[in-house]
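**Student:** okay, sequence plus prediction incoming.
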Amino acid sequence: MNFLRKIFLCAALLMLSPGAFAADRLVYDAKTFQNALSGGKPILVHVTAPWCGECKAQKPIVAALAALPEYAGLTIVDVDYDSQKDALRALNVQKQSTLLIYKGKAEVARAVGITRRDAIEALMKKAL
């Protein structure tokens, strides 16, 4: 196989890989969050704790949905419930397992403790 064919094959495989469509993922930082809001992209804020059962159920669902092509423009911002109290205050979050949706610069939806895929997907669709 010649060099150009190998390059073409590698490029094609990368384009077809699930990660090619994945949403951006960030760890919450006030400045980074404000920049994401200013950028106008839809945002999902996911507040989790390592000891939280609902959070453990949500994580693989959010990750699977975020890998779908329709969520390629979504930015996911992870907030640690135990260590990022400043974020909780800024976002007015009271509990772990909270999901917030921002469209433009405004919060358009919020849910706490949901673990069904269809409910999480319905919430994430509000960002589109």
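**Tutor:** That came through fine. Numbering: from 1, shown residues only.

**Student:** just give me the neighbour total for residue 92.
**Tutor:** A count of nearby residues for residue 92, using other Cβ atoms under 10 Å, gives 10. Heads up, the C-betas are built off the backbone N, CA and C, glycines and all.

**Student:** same thing with residue 79?
**Tutor:** Counted with other Cβ under 10 Å, residues neighbouring residue 79 total 24.

**Student:** which residues touch stretch 31-48?
**Tutor:** Residues outside stretch 31-48 that contact it (Cβ atoms under 8 Å, 6 or more residues apart in numbering) are 23-24, 26, 28, 55, 58-59, 62, 66, 73-81, 87-88, 90-91, 93, 95-105, 124, 127-128.

**Student:** may I see the PyMOL selection of the buried members of the residues you listed?
**Tutor:** Buried subset of those, written as a PyMOL selection, criterion 16 or more other Cβ atoms under 10 Å:
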select buried, resi 23+28+55+58+62+66+74+75+76+77+78+79+80+81+87+88+91+93+96+97+98+99+100+101+102+124+127
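
**Student:** mind checking how far stretch 109-125 is from the chain centre?
**Tutor:** Mean-position distance between stretch 109-125 and its chain equals 12 Å (Cα atoms, centre = their mean, to the nearest Å).

**Student:** return the set of buried residues in that stretch.
**Tutor:** For stretch 109-125, a neighbour-count test (16+ other Cβ under 10 Å) marks 109, 111, 113, 114, 120, 123, 124 as buried.

**Student:** of all those, which two lie farthest apart?
**Tutor:** Farthest pair in the buried residues of stretch 109-125 (Cβ to Cβ) is 113 and 124. Separation: 15.8 Å.

**Student:** taking the mean pLDDT, what do you get for the helix or strand where residue 100 lies?
**Tutor:** Here residue 100 sits within strand 98-103, counting by DSSP states H and E. Averaging pLDDT along strand 98-103 gives 96.

**Student:** strand partners (parallel or antiparallel) of it?
**Tutor:** Taking DSSP bridges as the criterion, strand 98-103 forms sheet pairs with strand 43-48 (antiparallel), strand 106-112 (antiparallel).

**Student:** how far away is residue 118 from residue 28?
**Tutor:** For residue 118, the distance to residue 28 equals 26 Å [Cβ to Cβ, to the nearest Å].

**Student:** alright, I will stop here.
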